[in-house]
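K.L.:
mind looking at a prediction? Sequence and model below.
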Amino acid sequence: MKARLAALAALFLAAVCGIRAQTPEDLLASGSEKLAKGDLDGAIAEYGRAVALRPIYADAYRARGNARMLKGAYPEAIADFGLAITLRSDDPSAYVDRGNARRKAGDGRGALADFEWALRINPNFAEAISGRAALKFDSGDPAGALADFERALVVDPGSADAYQGRGALRLAAGNTAGAMADFDTTVLLRPESGEARYRRGEARLATQDFDGAILDLTRAIELQPRSVAAYFRRGMARVPAGDYTGAVADLDKAIELQPNQAEFHYMRGIAHGHLAMYGLAAADLDRAIELQPKFSPAFSERAKVRQLQGDLPAAVADYEAFVALGDTASAFYPYVMIYRNLALRRLNRPEAAPRLALTVGSWPDGWPKRFGQYVAGALTEAALLAAARQGTEAEVSEQLCECTYFIGAMRLVAGDTAGARSFFEQCVATNEKTFTEYAFAQAELERMK
């Protein structure tokens, strides 16, 4: 009622002042302009004014529903799409819109009903076929999902939804090249789509193109300022790119929007650790473990923080907690076993060497296995150094960073402080600041002063 009175008042003032009143079409266009600038609340307000002037304006209800969906207000979006369907029941697009909202709200059955209804109206409606494909993907049927995405592209070779959906499917299957090709096409078809930019940024992150990922995710955030996933992914990309302060800012925003996600606190803990803010890092990792008590990477990361703080008993406890969770397939596992072994030796715990020797032989071939063999006594210092000096310049730098730290740590265990210092200095000289071993070496040198 208040909105109707306001609209009538606006019309009256316009008549008195000789100003042309805004029509519902004007307000719809104004809302779309605000939406393009990322002003979701402003867009929703304009669409609301449009339907106040014309309560049977189906396009305005659909537009407001899509803006509300971008804001994450799924029940309100579903209600708007329902009104659009009531006013225009032969429009398959409105059913697809409501199906997408229901899918995001977790109502798979309702979403499927909407997509199927849209296909009754138009059996070749690509957006409905893609929506059904996405549901199949959600339910663990990648083959069925791929078949539907392919069918959507046959009936509409310009379907952005189908390219984006197939790209997500390919990315999940590890086909990053195929995913990137699909996301590139999606961005060409929908250059102002925040979701398209986000998906390509996610793929770039998977291929370790961190600068490219940051560019795409920044544009996604400009287009969708409340995209929690985009803030989180950009924070993830900024850590290996070395922008730890920027990563903390992104993860602060993600946590502000969704405070109870363990992964967000975990990643912010890593960023705080790189900034040598160990108290904040430990607090973040404490919270991650509180939210997800079996989140093994958080135990590994907190152990490293404790070690950097010089608290070896607490570090060992967290390394032990990681091992107890049995996540032997994790990329962290070999390093945790090595770090634990070295920490136990520093604490004069005699069980250290046998425990590592029993497991290292089963590790897959690679640098972690070589480091483990060296620490377990199955590989000489000279052999490790010789191997580390093989490869490209970038590879040698990274290999020497890890290698010289482990040699320094073993020298320290043996009581050779001068030798340990020399190797720790060599480790730091590589300038591989994203490596845990670099931080460990730097912390040991500080303690030696």
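P.N.:
Perfect, thanks for sending it. Numbering: from 1, shown residues only.
K.L.:
contact partners of stretch 387-395?
P.N.:
Here stretch 387-395 makes contact (C-beta atoms under 8 Å, 6 or more residues apart in numbering) with Arg370, Val396, Gln399, Leu400, Glu402, Cys403. C-betas here are computed from N, CA, C, even on glycine.
K.L.:
okay, these in JSON lines with neighbour count next?
P.N.:
Below are the contacts of stretch 387-395 laid out as JSON lines (neighbours: other C-beta atoms under 10 Å):
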{"residue": "Arg370", "neighbour count": "23"}
{"residue": "Val396", "neighbour count": "15"}
{"residue": "Gln399", "neighbour count": "22"}
{"residue": "Leu400", "neighbour count": "21"}
{"residue": "Glu402", "neighbour count": "25"}
{"residue": "Cys403", "neighbour count": "27"}
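K.L.:
tell me the one of those residues nearest Glu46?
P.N.:
Using C-beta to C-beta, Glu402 is the member of those that lies nearest Glu46, at 56.7 Å.
K.L.:
give me phi/psi at the closest one?
P.N.:
Main-chain torsions, Glu402, degrees, to the nearest 10: phi -70, psi -50.
K.L.:
spatially nearest residue to it (excluding sequence neighbours)?
P.N.:
Glu437 (4.8 Å; C-beta to C-beta, 6 or more residues apart in numbering).
K.L.:
what of Gly72?
P.N.:
Arg226 (6.6 Å).
K.L.:
would you list the phi and psi of that neighbour?
P.N.:
The phi/psi pair for Arg226 (degrees, to the nearest 10) is phi -110, psi 20.
K.L.:
thought Thr417 was touching Met448?
P.N.:
Yes: counting by C-beta atoms under 8 Å, Met448 is a contact partner of Thr417 at 7.0 Å.
K.L.:
quick one: contacts for Tyr319?
P.N.:
Tyr319 sits in contact with Phe299, Ser300, Ala303, Val336, Tyr339, Arg340, Ala343, where contact means C-beta under 8 Å, 6+ apart.
K.L.:
turn those into a markdown table, including secondary structure and neighbour count.
P.N.:
Below are the contacts of Tyr319 laid out as a markdown table (DSSP: H, G, I helix; E, B strand; the rest coil; neighbours: other C-beta atoms under 10 Å):
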| residue | secondary structure | neighbour count |
| --- | --- | --- |
| Phe299 | helix | 25 |
| Ser300 | helix | 24 |
| Ala303 | helix | 27 |
| Val336 | helix | 22 |
| Tyr339 | helix | 26 |
| Arg340 | helix | 22 |
| Ala343 | helix | 22 |
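K.L.:
would you mind measuring from Ser86 to Gly326?
P.N.:
Residue 86: Thr, not Ser. 54 Å (C-beta to C-beta, to the nearest Å).
K.L.:
for the stretch 301-449 of the chain, just list every one of the strands.
P.N.:
With strands called from DSSP state E, counting those that start in this stretch, the stretch 301-449 of the chain shows none.
K.L.:
tell me where the model's unsure across it.
P.N.:
350-354 (pLDDT under 70).
K.L.:
which residue is the nearest non-sequential neighbour of Gly269?
P.N.:
Asp284 (3.4 Å).
K.L.:
how near is that neighbour to Ala324?
P.N.:
From Asp284 to Ala324 the distance is 22 Å (C-beta to C-beta).
K.L.:
neighbour count winner among the two?
P.N.:
Asp284 (28 against 11; other C-beta atoms under 10 Å).
K.L.:
secondary structure element holding that one?
P.N.:
Using DSSP states H and E, Asp284 maps to helix 278-291.
K.L.:
by contact count, what packs against that helix?
P.N.:
helix 262-274, helix 296-308 (3 or more C-beta pairs under 8 Å, 6 or more residues apart in numbering; DSSP states H and E).
K.L.:
what packs against the last one?
P.N.:
When you say that, I think you mean helix 296-308. helix 262-274, helix 278-291, helix 312-324, helix 333-346, helix 436-448.
K.L.:
with distance to Asp243 added, can I get the ones you listed in JSON lines?
P.N.:
JSON lines is the format used below for the helices and strands packed on helix 296-308 (distance: least, C-beta to C-beta, whole Å):
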{"stretch": "helix 262-274", "distance to Asp243": "9"}
{"stretch": "helix 278-291", "distance to Asp243": "17"}
{"stretch": "helix 312-324", "distance to Asp243": "27"}
{"stretch": "helix 333-346", "distance to Asp243": "24"}
{"stretch": "helix 436-448", "distance to Asp243": "17"}
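K.L.:
most neighbours per residue, which of the ones you listed?
P.N.:
helix 262-274 (a mean of 24; mean count of other C-beta atoms under 10 Å).
K.L.:
could the contacts of Tyr319 go into a markdown table alongside distance to Arg190?
P.N.:
Shown next, in a markdown table, are those (distance: C-beta to C-beta, whole Å):
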| residue | distance to Arg190 |
| --- | --- |
| Phe299 | 41 |
| Ser300 | 39 |
| Ala303 | 44 |
| Val336 | 43 |
| Tyr339 | 46 |
| Arg340 | 49 |
| Ala343 | 51 |
